[in-house]
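Engineer: Sequence first, predicted coordinates after that:
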Amino acid sequence: MIVADADLTDALDDAFSGTPDAVWDLTRQMGLLGVGIDEACGGAGGTVADQAAIAFAVGKHKVRAPIVETILASSALAACGLDVTAHPLAFSPGDRRDDVRVVDGHADGLFHDVPWAQDAAGFVGVVTTGSEPTIIVAAPGEFTVGTSGADADLAGQPISTVAVHHATAVNTDWPARLSHSLLRSAQIAGALEAIAALTHRYTRERTQFGKPIAAFQAVTQHLVTVEQAAVATRIAVERAAGLASAGGHRGATFEIGATHLVVDHHAALALAAAHQAHGAIGMTMEYPLAHYARLIHSWRALTRGHSVSAQHIGWDAVGHVARLIAREGGR
């Protein structure tokens, strides 16, 4: 488990084990939606590592509630100097298909593939123009919810287009892409840990030819793949979140991008191996593996795949080399 504090770990496992409505109520009562946000803005304080621990637990317990989305939206609001609330918020990190116009501090336009917008008390979106993002803040009455061709993602969670109307636009240096990528990676890492435990248990309970199928070499290889993936993703997220807590997201730009690549790659490997170990039961909608698989694919889609992080890592590397060349040339 990704931890910044052992008590937080236990509290998250307890809080996220109930029904969606109960989870949401406990999340608000515990102040988890404001974790990692300055108390001066209505937050609960804490670090990026604490936010990652919450996202990890959301993934581990396949929570169907806009917890991560509200934390991201609240972080953006705080970066704009605005107060945060305990109400559910929808969040979009921006999509290449978005069509949003910003004029004189106000925005109008359309955001695509926004999770959990239908019941949100507010919407926060990101528009990148130039090197810095612009945060779009829409209060009730300033946004309307449509559909994105379908009203649910692969996991059955609500996903919609959101049209903003004369919403507030604030320029900020809040690292939207990095924060979103890190918390989605933490969600996937949590789901992979749960999948590893599920696969471990199933292969020891299921017998074939008088012994557990885990005893067969082919199944053991699948188990090793799943366990390795779960450990690798957890360690990567822990390191990136720790560095972001110590020096801010921008101080961990490379590590967050690399973590996204590691998580995306290992998620594909782990899901394939887990399904091989489970056989046909893993594909049934009633079995937890199918739920986790669909959630992971949905979260991967929201971060637009590993190619985006690979491009950003490449750009960061080129920029670093250019600075070194300039420094050496000045001597």
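Structural biologist: Received it, and whenever you're ready, just let me know what you need. Remember, predicted model here, so these are calculated numbers, not experimental data.
Engineer: which residues in the stretch 51-200 of the chain form helices?
Structural biologist: With DSSP state H, counting those that start in this stretch as the definition, the stretch 51-200 of the chain shows helices at residue ranges 67-79, 176-205.
Engineer: mind putting the ones you listed in CSV, mean neighbour count included?
Structural biologist: All C-beta spots, glycine's among them, are computed from the backbone N, C-alpha and C. What follows is those, written out as CSV (neighbours: other C-beta atoms under 10 Å):
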stretch, mean neighbour count
helix 67-79, 26
helix 176-205, 24
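Engineer: Which among the ones you listed is found nearest to A152?
Structural biologist: A152 lies closest to helix 67-79 among the helices of the stretch 51-200 of the chain, at 15.3 Å (C-beta to C-beta).
Engineer: List of residues touching the strand of greatest length in the chain?
Structural biologist: For the chain, the strand that runs over the most residues, judged by DSSP state E, is strand 159-171. Defining contact as C-beta atoms under 8 Å, 6 or more residues apart in numbering, one finds that strand 159-171 is touched by 80, 82, 90, 92, 100, 102, 105-115, 117-118, 123, 125, 127, 132, 134-139, 142-148, 150-153.
Engineer: Buried subset of those, written for PyMOL?
Structural biologist: The following PyMOL command selects only the buried members of those, with burial defined by 16 or more other C-beta atoms under 10 Å:
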select buried, resi 80+82+90+92+100+102+107+108+109+110+111+112+113+114+115+117+123+125+127+134+135+136+137+138+142+143+145+148+153
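Engineer: Which ones among the contacts of strand 159-171 lie within strands?
Structural biologist: Using DSSP E, the subset of these located in strands is 90, 92, 100, 102, 106-115, 123, 125, 127, 132, 134-138, 143-145.
Engineer: Just the buried residues of the longest strand of the chain, please?
Structural biologist: Within strand 159-171, the residues scored as buried using 16+ other C-beta under 10 Å are I159, S160, T161, V162, A163, V164, A167, T168, A169, V170.
Engineer: what about L183, distance to Q208?
Structural biologist: From L183 across to Q208, the span is 40 Å (C-beta to C-beta, to the nearest Å).
Engineer: cool, and A258?
Structural biologist: With the distance defined as C-beta to C-beta, A258 ends up 40 Å from Q208.
Engineer: what about these two, which has more around it?
Structural biologist: Neighbours around A258 and Q208, counted as other C-beta atoms under 10 Å, are more numerous at A258. The numbers are 17 against 10.
Engineer: Just to check, the more buried one is in contact with A236?
Structural biologist: Yes - in terms of C-beta atoms under 8 Å, A258 counts as a neighbour of A236; the distance is 7.2 Å.
Engineer: Now tell me which helix or strand of this structure has the poorest mean pLDDT.
Structural biologist: Counting by mean pLDDT, DSSP states H and E, the chain has its least confident helix or strand at helix 6-15, which shows a mean of 71.
Engineer: Summarise which helices and strands the helix or strand Q221 falls within is packed against.
Structural biologist: In this structure, Q221 sits in helix 217-247 according to DSSP states H and E. Here helix 217-247 touches helix 48-60, helix 176-205, helix 253-278, going by 3 or more C-beta pairs under 8 Å, 6 or more residues apart in numbering; DSSP states H and E.
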